[in-house]
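Peer 1: build the 3D model from these lines:
(chains A and B)
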Number of protein chains: 2
Amino acid sequence: MKHQNFKLTLAYRGEDFYGWQRQDPHPTVQLALETALKQIFGKPFHVAGSGRTDRGVHAIGQVASVQLPPTHSSVVLLRALNFHLPPGVRVVSVHPAKSKFHARFSARGKTYLYRIVNAPFLHPMEIGRAWHVPRPLDLKAVRQAARLFVGKHDFASFTSNPGYERDSTVRRLRAIRITRKSGSVLEITFDGDGFLYRMVRNLVGALIKVGHGRLSVADLKKVLSARSRSTAPPTAPAEGLYLLKVRY
Amino acid sequence: MKHQNFKLTLAYRGEDFYGWQRQDPHPTVQLALETALKQIFGKPFHVAGSGRTDRGVHAIGQVASVQLPPTHSSVVLLRALNFHLPPGVRVVSVHPAKSKFHARFSARGKTYLYRIVNAPFLHPMEIGRAWHVPRPLDLKAVRQAARLFVGKHDFASFTSNPGYERDSTVRRLRAIRITRKSGSVLEITFDGDGFLYRMVRNLVGALIKVGHGRLSVADLKKVLSARSRSTAPPTAPAEGLYLLKVRY
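Peer 2: Numbers count the residues shown, from 1 in each chain, chains lettered A, B, ... in the order given. Predicted structure coming up:
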């Protein structure tokens, strides 16, 4: 029986999982999905994600692809998956895809959101949903620093594990948007063709250092050209990061 | 040394507490506050809340009053309390109050918000923050039903524990606002001079029954006039309820 390729769009809550990728017996999103599929079809299937998300990172629109027997429609699959999955992950949509479609290799870009609460205290409803940065930020400096990153650059200074990258550490950031919302919430959106391992969290760590005046925009420029993680500011925590969207 | 009366405004996350009122050794908001004050002043103080909130109910603007030695300013108290309190509760503001001010007896009204996710599945980021109502709702019927409750009524059918009420079960609801937000979120705001025990959750349970066509507006009118809880629909869950504001 010829299999049908499916594109799944997923939302999950970071704190419920040890990230995307299987590390049995830890709860991961991939394990949850593959377990649900095994319960539905009675045999195992491999699910490919658009990329790994780290432990604690949230997803609003993660994408996965999987080849399945054509016995169930998209609508039935959606319901069956959500029935078997734990509540911390939901399948938002299921669509049949061309046989060549692959969640990771077909991806042409991604959008990440990083949420910061910039206030003396963290509102209890924001626990686990944002990075709490108590000291005031110089937003003008943050925006100026962000402009450094837009465009095509070698981001070797902003990957936590350079050995993990197969070839180039050059990536193109299409846009960074910085919005101050009510309640002292700062939202930073990163739109890029591709991202290195922990790149967004490392960029955010650097932006906040600039916002606190502990790193000048000129110094940050040097960090970027150094192409070495050792010179770069620390990584922002996982709980502020959301994978919003994968572009195909 | 003459004590100074303080008005504290608090936010807390329902799932972290067994409600407002002390039931030692369970974690309650009152216990957390009184423990923090004991750590600050080295001796115990009694904190009065504007009213109890049940286990699992959130607060954005709960109010408490407490008589304290005038040794610390409001600013210092705010910081010291948030330093000693667990992250699930934050003191949002501290203000000196007249000696007669009492969080409960001076209250002239309250505003509650009830959040519902009316979609086939519950988004993982909404776990614990809304009531998941999968079946579609007839919003027109819900609005019509809500109008029944506005004004001065005997709400005996909508209190879970009539014996708990000292005297009258008559309360005045000033307004009910129903707003459909993006992402299938339904927000219902209740503005009233006073509320009976579990009244908002019981009203919401009834509104949803009407929205599902399992109770007509005419039947609901009969439930209201019956003045008996036994005739009324079930209580909506605690996780959708937020104490927004106390009016003085």
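Peer 1: wait, what's in contact with the residue nearest to residue A:7 when sequence neighbours are not counted?
Peer 2: Sequence neighbours aside, residue A:97 is the residue nearest to residue A:7 in space, at 4.2 Å (criterion: C-beta to C-beta, 6 or more residues apart in numbering or on different chains). For every residue, glycine as well, the C-beta is placed using N, CA and C. Going by C-beta atoms under 8 Å, 6 or more residues apart in numbering or on different chains, residue A:97 touches A:5-7, A:65.
Peer 1: what pLDDT does residue A:97 get?
Peer 2: At residue A:97, the pLDDT value in this model is 98.
Peer 1: likewise residue A:164?
Peer 2: pLDDT at residue A:164 comes out at 61.
Peer 1: same deal with the one 5 residues further on?
Peer 2: At residue A:169 the predicted local distance difference test score is 91.
Peer 1: just give the number of residues close to the nearest residue to it once chain neighbours are set aside.
Peer 2: Leaving aside its sequence neighbours, residue A:169 sits nearest to residue A:156 (C-beta to C-beta, 6+ apart; 4.1 Å). Around residue A:156 there are 18 other residues, counting by other C-beta atoms under 10 Å in any protein chain shown.
Peer 1: correct me, but residue A:156 touches residue A:228?
Peer 2: Yes: between residue A:156 and residue A:228 there is a contact under C-beta atoms under 8 Å: 6.5 Å.
Peer 1: so which residues on chain A come close to chain B?
Peer 2: A:11-13, A:16, A:58, A:60, A:79, A:82, A:87-92, A:120-125, A:127, A:129 (C-beta under 8 Å from any C-beta of the partner chain).
Peer 1: run the last query once more with 6 Å
Peer 2: Among all residues of chain A, those adjacent to chain B (criterion: C-beta under 6 Å from any C-beta of the partner chain) are A:11-13, A:82, A:87-88, A:90, A:121, A:123-124, A:127.
Peer 1: rebuild these as JSON lines, extending it with secondary structure.
Peer 2: Putting these into JSON lines (DSSP: H, G, I helix; E, B strand; the rest coil) gives the following:
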{"residue": "A:11", "secondary structure": "strand"}
{"residue": "A:12", "secondary structure": "strand"}
{"residue": "A:13", "secondary structure": "coil"}
{"residue": "A:82", "secondary structure": "helix"}
{"residue": "A:87", "secondary structure": "coil"}
{"residue": "A:88", "secondary structure": "coil"}
{"residue": "A:90", "secondary structure": "strand"}
{"residue": "A:121", "secondary structure": "coil"}
{"residue": "A:123", "secondary structure": "coil"}
{"residue": "A:124", "secondary structure": "helix"}
{"residue": "A:127", "secondary structure": "coil"}
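Peer 1: so which residues of chain A form strands?
Peer 2: A:4-12, A:48-49, A:58-68, A:89-97, A:109-117, A:131-132, A:151-154, A:170-180, A:185-192, A:241-247 (DSSP state E).
Peer 1: what lines up beside the third one in the sheet?
Peer 2: Going back to what we said before, that points to strand A:58-68. According to DSSP bridges, strand A:58-68 forms sheet pairs with strand A:4-12 (antiparallel), strand A:48-49 (antiparallel), strand A:241-247 (parallel).
Peer 1: and the fourth one, by the same measure?
Peer 2: According to DSSP bridges, strand A:89-97 has the following sheet partners: strand A:4-12 (antiparallel).
Peer 1: now stretch A:119-139: mean pLDDT?
Peer 2: Stretch A:119-139 comes out at a mean pLDDT of 96.
Peer 1: now swap in stretch A:147-154 and tell me
Peer 2: For stretch A:147-154, the mean confidence score works out to 97.
Peer 1: go ahead and flag the most central residue of chain A.
Peer 2: For chain A, the residue nearest the mean C-alpha position is residue A:243 (3.5 Å; C-alpha atoms, centre = their mean).
Peer 1: residues contacting the helix or strand of chain A with the lowest mean pLDDT, please?
Peer 2: None of the helices or strands of chain A scores lower by mean pLDDT, DSSP states H and E than helix A:217-226, at a mean of 94. Here helix A:217-226 makes contact (C-beta atoms under 6 Å, 6 or more residues apart in numbering or on different chains) with A:144-145, A:148, A:157, A:206, A:210, A:231-232.
Peer 1: tell me the two of these that are most distant?
Peer 2: Across these, no pair lies farther apart than A:144 and A:231, at 19.5 Å, counting by C-beta to C-beta.
Peer 1: roughly how far does the residue nearest to residue A:169 sit from residue B:226?
Peer 2: Note on residue A:156: its distance to residue B:226, by C-beta to C-beta, to the nearest Å, is 73 Å.
Peer 1: now do residue A:56
Peer 2: Counting by C-beta to C-beta - residue A:56 and residue B:226 are separated by 51 Å.
Peer 1: have a look at those two and say which one is more surrounded.
Peer 2: Using other C-beta under 10 Å, the more surrounded residue of residue A:56 and residue B:226 is residue A:56, with 18 against 14.
Peer 1: what's the closest non-adjacent residue to the more buried one?
Peer 2: That would be residue A:238: by C-beta to C-beta, 6+ apart, it lies 3.2 Å from residue A:56.
Peer 1: before we move on, what about residue A:234?
Peer 2: Nearest to residue A:234 is residue A:205, by C-beta to C-beta, 6+ apart, at 5.0 Å.
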